[in-house]
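Undergrad: have a look; sequence and predicted model below, questions after that.
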Amino acid sequence: MVLSLDRLTKTFGNKIAVDNLSMEMRPGVYGLVGANGAGKTTLMRMISAILEPTCGEVLLDGKSVADMGADYRDMLGYLPQDFGYYPHYTAKDYLLYIAVLKGIPRREAMKKSKQLLDSVGLRDVSNKKIRTFSGGMKQRLGIAQALLNDPRILILDEPTSGLDPKERVRFRNLISSFANDRIVLLSTHIVSDVEAIADRVFVMKNGRIVSDGSIHELLEEVEGHVWEIAVDPADTEKWEAETTVANLRREDDKTILRIISETTPADNAVRISATLEDLYLYHFPTERS
């Protein structure tokens, strides 16, 4: 199975949201990272056949997904940033309702709903109204509905938003086990989640993919450009204004800054190993993940 984007472009008036983008995905987990406004959601909506490209096309094994129609949608699972739900439904009833919309037979839907509620840690609240759920619980329910039809292609837009660390670990384990023979594309600002499970990462900026590769390959871009420096706490704001500071911590009477810089920022700077978050800030120096 090969999902290909061929010169995919989307414009809104004079604004180019996705700019002549081509890429290819085979079974595995793909991370999509980028600042707000980079075009990530527009791209995912086009891959999900919700938004029509201005030009270019999405292909599955060489066939246009626009021509495949319902056959493609049957293979697809999608979690938007803000998924729609009915607050007066219980979690179980909501999944059964979504199953009807997806054409899943009731007996199969009952079995699958129970399994998924268990997988996302909602089994004990399956008969509670969604309006009583926390933000993290609602997000886990959204993940469950995206998996309901056992999709071959899973598109997740900010799936870990609102999840606490324990819930994020559960999510990562679920996706890792799910993706053996499926294509999973997930977008998130929490780059540690991408770093933990993605086989390949796409860095998107101004509608284009500016970098892509395995975690190891991408970290080579920023390796040698990450430093630690001890400064007087009173000088911290000056360093933040003049450099890209990825992190800071206090040690005794000093503040230890983690700085992204292509040149040595100070005589006492020590070069350290890079992380995916460092790569993010390397490409988006004014953003924090």
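TA: It's in. Numbers count the residues shown, from 1 in each chain.

Undergrad: ranges for the strands of this structure?
TA: 3-12, 15-25, 28-33, 55-60, 63-64, 76-79, 153-157, 183-187, 200-205, 208-213, 226-231, 244-251, 254-260, 270-271 (DSSP state E).

Undergrad: any chance of TSV for these, columns distance to residue 117 and mean neighbour count?
TA: Just so you know, the C-beta spots here come from the backbone N, C-alpha and C atoms, and that holds for glycine as well. Converted to TSV, the strands of the chain look like this (distance: least, Cβ to Cβ, whole Å; neighbours: other Cβ atoms under 10 Å):
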stretch	distance to residue 117	mean neighbour count
strand 3-12	29	17
strand 15-25	29	16
strand 28-33	23	24
strand 55-60	30	17
strand 63-64	34	13
strand 76-79	16	22
strand 153-157	18	24
strand 183-187	20	24
strand 200-205	30	21
strand 208-213	35	16
strand 226-231	42	20
strand 244-251	37	15
strand 254-260	40	20
strand 270-271	48	12
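
Undergrad: and those strands: which comes nearest residue 220?
TA: strand 208-213 (8.4 Å; Cβ to Cβ).

Undergrad: next, the angle strand 3-12 makes with the closest one.
TA: Relative orientation of strand 208-213 versus strand 3-12 (axes from the mean of the first three to the mean of the last three Cα atoms, to 10 degrees): 150 degrees.

Undergrad: report all helices and strands that strand 208-213 contacts.
TA: Under the contact criterion of 3 or more Cβ pairs under 8 Å, 6 or more residues apart in numbering; DSSP states H and E, strand 208-213 touches strand 15-25, strand 200-205, helix 215-222, helix 276-283.

Undergrad: let's see it at 7 Å
TA: strand 15-25, strand 200-205 (3 or more Cβ pairs under 7 Å, 6 or more residues apart in numbering; DSSP states H and E).

Undergrad: where's residue 186 relative to residue 235, distance?
TA: Note on residue 186: its distance to residue 235, by Cβ to Cβ, to the nearest Å, is 39 Å.

Undergrad: in stretch 38-51, which residues are buried?
TA: 38-49, 51 (16 or more other Cβ atoms under 10 Å).

Undergrad: can you redo those as JSON lines with distance to residue 164 and pLDDT?
TA: Below are the buried residues of stretch 38-51 laid out as JSON lines (distance: Cβ to Cβ, whole Å; pLDDT from 0 to 100):
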{"residue": "38", "distance to residue 164": "26", "pLDDT": "89"}
{"residue": "39", "distance to residue 164": "29", "pLDDT": "93"}
{"residue": "40", "distance to residue 164": "23", "pLDDT": "94"}
{"residue": "41", "distance to residue 164": "24", "pLDDT": "94"}
{"residue": "42", "distance to residue 164": "29", "pLDDT": "96"}
{"residue": "43", "distance to residue 164": "28", "pLDDT": "96"}
{"residue": "44", "distance to residue 164": "24", "pLDDT": "95"}
{"residue": "45", "distance to residue 164": "28", "pLDDT": "95"}
{"residue": "46", "distance to residue 164": "31", "pLDDT": "97"}
{"residue": "47", "distance to residue 164": "29", "pLDDT": "96"}
{"residue": "48", "distance to residue 164": "27", "pLDDT": "94"}
{"residue": "49", "distance to residue 164": "33", "pLDDT": "93"}
{"residue": "51", "distance to residue 164": "32", "pLDDT": "95"}
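
Undergrad: which two of those have the greatest separation?
TA: It's 38 and 49 that sit farthest apart of the buried residues of stretch 38-51, by Cβ to Cβ, at 21.0 Å.

Undergrad: show me what contacts the nearest residue in space to residue 276 that is not next to it in sequence?
TA: Spatial nearest neighbour of residue 276, excluding adjacent residues (Cβ to Cβ, 6 or more residues apart in numbering): residue 195 at 4.2 Å. Neighbour list for residue 195: 215, 275-276 [criterion: Cβ atoms under 7 Å, 6 or more residues apart in numbering].

Undergrad: which one (most neighbours) among these?
TA: Using other Cβ atoms under 10 Å as the neighbour criterion, residue 276 leads the contacts of residue 195 with 23 neighbours.

Undergrad: just checking, it touches residue 215?
TA: Yes - using Cβ atoms under 7 Å, residue 276 is in contact with residue 215, at 6.3 Å.

Undergrad: who does the residue most central in space within the chain form a beta bridge with?
TA: Centroid-nearest residue in the chain, with Cα atoms, centre = their mean: residue 187, separated by 1.9 Å. Taking DSSP bridges, one finds residue 32, residue 157 as the beta-bridge partners of residue 187.
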